[in-house]
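Colleague: Need coordinates for the below:
(one chain, ligands or ions: 1)
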Amino acid sequence: MDNIKQRFFAPCPRGLETILQRELDALGIASAEVTQGGVSFTGHWNALYHVNLESRVANRVLLELGHARYRTEADVYRAAYALDWPAWFDPGRTIRVKVSARHCPLASLNFVTLRIKDALCDKFMAACRRRPSVDTQQPDVRIDAFLDAESVTFYLDTSGEPLFKRGYRFAQIEAPIRENLAAGMVLLSGWTPDQPFVDPMCGGGTIPLEAALIARRIAPGLRRVFAFERLRLHTPDRWNAIRAAAEARQLAASPQPIYASDRDEQAIQIAKRLFHAARMIQDIDVKVKQEDFLKLDPPAPRGVMVANPPYGVRLGHSEQSAILYAGIGNRLKQQWAGWQVHIFTGDPKLKESIGLLPSRRIPLYNGPLECRLYEFKIVEGSMRKHARSANLHG
Ligand SMILES: C[S@@+](CC[C@H](N)C(=O)[O-])C[C@H]1O[C@@H](n2cnc3c(N)ncnc32)[C@H](O)[C@@H]1O
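Modeller: Below you'll find the model as predicted:
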């Protein structure tokens with residue numbers, strides 16, 4: 001099976017599919033096909049090592065085991081039984097089956113889940129006289145099944161814990177964003193590490209840390225374990241060689257400074273602990289200070305800002321956000337000429353409150369919440385005129 005090409009599906013936050021496709025391209029995976037909420041691709045076993053280790057935006061990497069049409073629960077049982085489960089993992093492993101569905105006519109997804117688990121265990125009993133036991137909390141092997149109106153697809157989750165868990169975070173502020181969403185914003189902003197980077201409302205530090213990892217070419221998965229390590233086809237030597245190659249290309253320091261600040265002392269403490277845990281603080285890549293953005297001056301004449309200010313739905317009242325956004329807009333106009341600014345928000349009123357015209361608005365989902373990443377090019381003089389012409393041209 002090792003030398004056979006497999007099919008994979010990598011889900012990601014909605015809005016980041018093309019970024020994920022670009023990452024796969026960069027890894028030499030040419031077959032990537034974008035669907036809503038993820039990218040499917042084919043590749044050899046090594047492909048799953050590379051994507052799990054290197055993707056900054058994928059949620060996980062699922063290995064497709066089989067696909068069948070169904071009408072009843074019994075059809076789903078037969079399709080699951082037909083798969084060669086013992087070839088993939090040992091019966092001593094614990095498992096969890098998770099079923100999701102769209103337009104599925106069957107009455108109970110819980111019952112479908114049970115039937116898939118039964119089929120898998122029956123197959124193990126027939127082949128090895130032993131069967132895996134179920135652990136819904138911390139399973140060794142996670143099995144996903146997806147049902148649409150007529151067909152069921154079975155997947156093995158090769159990641160385990162979702163990939164946004166990089167293995168650094170141990171404390172968090174009230175509304176952190178996930179690491180893969182943060183990395184996605186940085187990648188969407190078009191920032192390159194030869195430019196200064198600022199997150200002036202850094203909260204627990206997720207965005208600047210992802211920027212620093214990008215700048216230093218640090219693979220996001222180097223500090224964690226993966227579910228594929230428990231699968232039969234796992235080859236530790238090959239995996240270790242891939243990890244070693246990723247470590248060898250790291251830079252000792254970010255080419256340009258990355259600045260993180262927030263007005264909240266407690267958030268800054270948490271951000272500092274995160275940067276320490278990620279071993280990024282000594283490298284002076286991330287300069288952390290406590291500062292109100294409404295009084296903050298740019299640290300360089302030009303650069304890129306990515307910020308995630310509070311907004312109504314998750315934090316505080318939206319009237320408060322309107323006042324904050326107006327303040328942010330004024331500060332940007334007065335002090336930040338030369339900067340390319342990206343603001344991520346779920347507040348649909350941002351456009352009115354901030355008083356600047358965006359040159360881009362990118363729909364991006366924070367879980368189920370529809371948000372936008374707004375880009376503003378701050379220039380000296382009439383901001384509105386500039387943004388209007390940017391809109392007309394692009
Ligand atoms: C949604 S949180 C940012 C979360 C962050 N992206 C993370 O993942 O941890 C918004 C942050 O903006 C900060 N903030 C709000 N108003 C601010 C201001 N005027 N100046 C600086 N920071 C501000 C808050 O203290 C809070 O930490």
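Colleague: CA only for contacts and neighbour counts going forward, please
Modeller: OK.
Colleague: wait, doesn't Ala267 sit right on Thr206?
Modeller: No. With contact defined as C-alpha atoms under 8 Å, Ala267 does not reach Thr206; the gap is 11.0 Å.
Colleague: Comparing these two, which shows the higher neighbour count?
Modeller: Per other C-alpha atoms under 10 Å, whichever of Ala267 and Thr206 has more neighbours is Thr206, with 24 against 21.
Colleague: I'd assumed Ile177 was in contact with the more buried one.
Modeller: Yes. Under the criterion of C-alpha under 8 Å, Thr206 makes contact with Ile177 at 7.0 Å.
Colleague: tally of neighbours for Lys289?
Modeller: Lys289: 18 neighbours (other C-alpha under 10 Å).
Colleague: Can you tell me the element it falls in?
Modeller: strand 286-290 (DSSP states H and E).
Colleague: residues in contact with that strand?
Modeller: 208-209, 212, 257-265, 268, 271-272, 275, 280-281 (C-alpha atoms under 8 Å, 6 or more residues apart in numbering).
Colleague: Tell me the strands beside that strand, with direction?
Modeller: Sheet pairing for strand 286-290, assigned by DSSP bridges, gives strand 258-262 (parallel).
Colleague: Can the partner strand be said to contact the ligand?
Modeller: Yes. Judged by C-alpha under 6 Å from any ligand atom, strand 258-262 comes into contact with the ligand at Asp262.
Colleague: now that strand, how far from the chain's geometric center?
Modeller: Chain-centre distance of strand 258-262: 21 Å, with C-alpha atoms, centre = their mean, to the nearest Å.
Colleague: tell me the angle of the helix or strand following that strand relative to strand 258-262?
Modeller: Downstream of strand 258-262, the next assigned helix or strand under DSSP H and E is helix 265-277. Going by axes from the mean of the first three to the mean of the last three C-alpha atoms, to 10 degrees, helix 265-277 is angled at 150 degrees with respect to strand 258-262.
Colleague: how much distance is there from helix 265-277 to the middle of the chain?
Modeller: That offset, for helix 265-277, works out to 21 Å (C-alpha atoms, centre = their mean).
Colleague: Where does the closest residue in space to Asp84 that isn't next to it in sequence sit, in terms of helix or strand?
Modeller: Nearest non-adjacent residue to Asp84, counting by C-alpha to C-alpha, 6 or more residues apart in numbering: Lys123, 7.8 Å away. Using DSSP H and E, Lys123 falls within helix 109-128.
Colleague: For this protein, give me the ranges with low pLDDT.
Modeller: The chain contains residues with pLDDT under 70 at 1-2, 171-173, 175, 282-285, 312-317, 381-394.
Colleague: near the ligand, which residues of it?
Modeller: Close to the ligand, as judged by C-alpha under 6 Å from any ligand atom, the chain has residues 175-177, 200-207, 262-264, 267, 291-294, 308-310.
Colleague: Paired strands for the helix or strand just after the helix holding Lys123, with orientation please.
Modeller: With elements assigned by DSSP H and E, the helix or strand that comes after helix 109-128 is strand 133-134. Paired strands of strand 133-134, with direction, are strand 94-101 (parallel) (DSSP bridges).
Colleague: Export the strand it pairs with to PDB, keeping only CA atoms.
Modeller: The C-alpha coordinates for strand 94-101 follow below in PDB (Å, rounded to 0.1, in the frame of the first residue of the first chain):
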ATOM      1  CA  THR A  94      -8.400   2.300  20.700                       C
ATOM      2  CA  ILE A  95     -10.800   3.800  18.200                       C
ATOM      3  CA  ARG A  96     -13.500   6.500  17.800                       C
ATOM      4  CA  VAL A  97     -15.900   6.700  14.900                       C
ATOM      5  CA  LYS A  98     -17.300  10.100  14.000                       C
ATOM      6  CA  VAL A  99     -20.100  10.500  11.400                       C
ATOM      7  CA  SER A 100     -21.000  13.700   9.600                       C
ATOM      8  CA  ALA A 101     -23.700  14.000   7.000                       C
END
